[in-house]
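Colleague: I'd like to go over a predicted model; first the sequence, then the structure.
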Amino acid sequence: MSTRDGFFKRDPVTCAREMIGCELVWNGSGGVIVETEAYSVRNDEACHTFTRPSSRGFVKRMPAGAAYVYLNYGVHWLLNFLVKGGSEDGFVLIRALEPTCGIQEMTLRRNGTTPKNLCSGPGKLTRALGIDGAFHGRNLLSDPSASLRHPSATPNVQACTRVGITRSADFPWRFVAVGSRFLSVPADRQR
DNA sequence: ACACGGATACTA
DNA sequence: AGTATCCGTGTC
């Protein structure tokens, strides 16, 4: 594995920020992570653990780096990674990728969408990579068909408010690669 | 603008 | 078993 063992053993906000610029590849498809969100089991009403006992069980039972995959709105699989062992536990939601690997396969799975729109959303990217409920619980760090490579240069990262949630909506826990054209939603205005 | 769709966790 | 809610997307 190219990711160091302690990568997911930190607080989820730090982890979400540092995942920007990493290249995520699963079964030969993937790209550079350009958008993430952090969710914390502490004081974050938007985290699944706030309302779901099964999610709290997942955090307790599973190791850092485990994929937390669930169906949203009855339509889209959403990919998160379990972060635990640091100051607080939580999840990182992968929201957008800049496609780099397996673009042909991803285009087929996404029914011919242009590369710009292939992975520009949390539901789009799982569809593109072929990730579904069968991936729930798989560990990114130990799965031989998965890899997470660190960026060679430190990326320019901007914090924004999270997208599409109603509770704890003001937390600046969405992270984007500055200037990327592969985001699900434009970044907040810089000030 | 709105339809689409199912798992989860409530109420009882 | 019935209902409310949910971290979205494509097409209208």
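Modeller: Structure's in. What do you need?
Colleague: can you give me the buried ones in stretch A:176-187?
Modeller: Buried residues in stretch A:176-187, counting neighbours by 16 or more other C-beta atoms under 10 Å, are found at A:176-177, A:180, A:182-184, A:187. Bear in mind the C-beta positions are built from the backbone N, C-alpha and C, glycine included.
Colleague: narrow these to those in helices?
Modeller: In helices, defined here by DSSP state H, there are no members of the buried residues of stretch A:176-187.
Colleague: reformat those residues as TSV; add distance to residue A:138.
Modeller: Output for those, formatted as TSV (distance: C-beta to C-beta, whole Å):
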residue	distance to residue A:138
A:176	26
A:177	25
A:180	27
A:182	24
A:183	26
A:184	23
A:187	30
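Colleague: of those residues, which are in range of DNA strand C?
Modeller: Filtering the buried residues of stretch A:176-187 for neighbours of DNA strand C using C-beta under 7 Å from any atom of the strand leaves residue A:184.
Colleague: list just the nearest of the buried residues of stretch A:176-187 to DNA strand C.
Modeller: residue A:184 (5.0 Å; C-beta to the nearest atom of the strand).
Colleague: next, format the buried residues of stretch A:176-187 as TSV and append pLDDT.
Modeller: Listed next are the buried residues of stretch A:176-187 as TSV, based on pLDDT from 0 to 100:
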residue	pLDDT
A:176	97
A:177	97
A:180	96
A:182	97
A:183	96
A:184	96
A:187	91
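Colleague: and the buried residues of stretch A:176-187, which is closest to residue A:22?
Modeller: residue A:177 (10.6 Å; C-beta to C-beta).
Colleague: does residue A:97 lie in a helix or a strand, and which?
Modeller: Taking DSSP states H and E as the definition, one finds residue A:97 inside strand A:90-101.
Colleague: pull the CA atoms of that strand into CSV?
Modeller: Output in CSV follows, covering the C-alpha atoms of strand A:90-101 (Å, rounded to 0.1, in the frame of the first residue of the first chain):
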residue,chain,number,x,y,z
GLY,A,90,-16.1,10.1,11.9
PHE,A,91,-16.2,9.7,8.1
VAL,A,92,-14.9,11.3,5.0
LEU,A,93,-17.4,11.5,2.1
ILE,A,94,-15.8,11.4,-1.4
ARG,A,95,-17.7,13.9,-3.5
ALA,A,96,-15.8,14.3,-6.7
LEU,A,97,-12.8,13.0,-8.7
GLU,A,98,-10.8,14.2,-11.6
PRO,A,99,-10.8,11.1,-13.8
THR,A,100,-7.3,9.6,-14.5
CYS,A,101,-7.7,5.8,-14.7
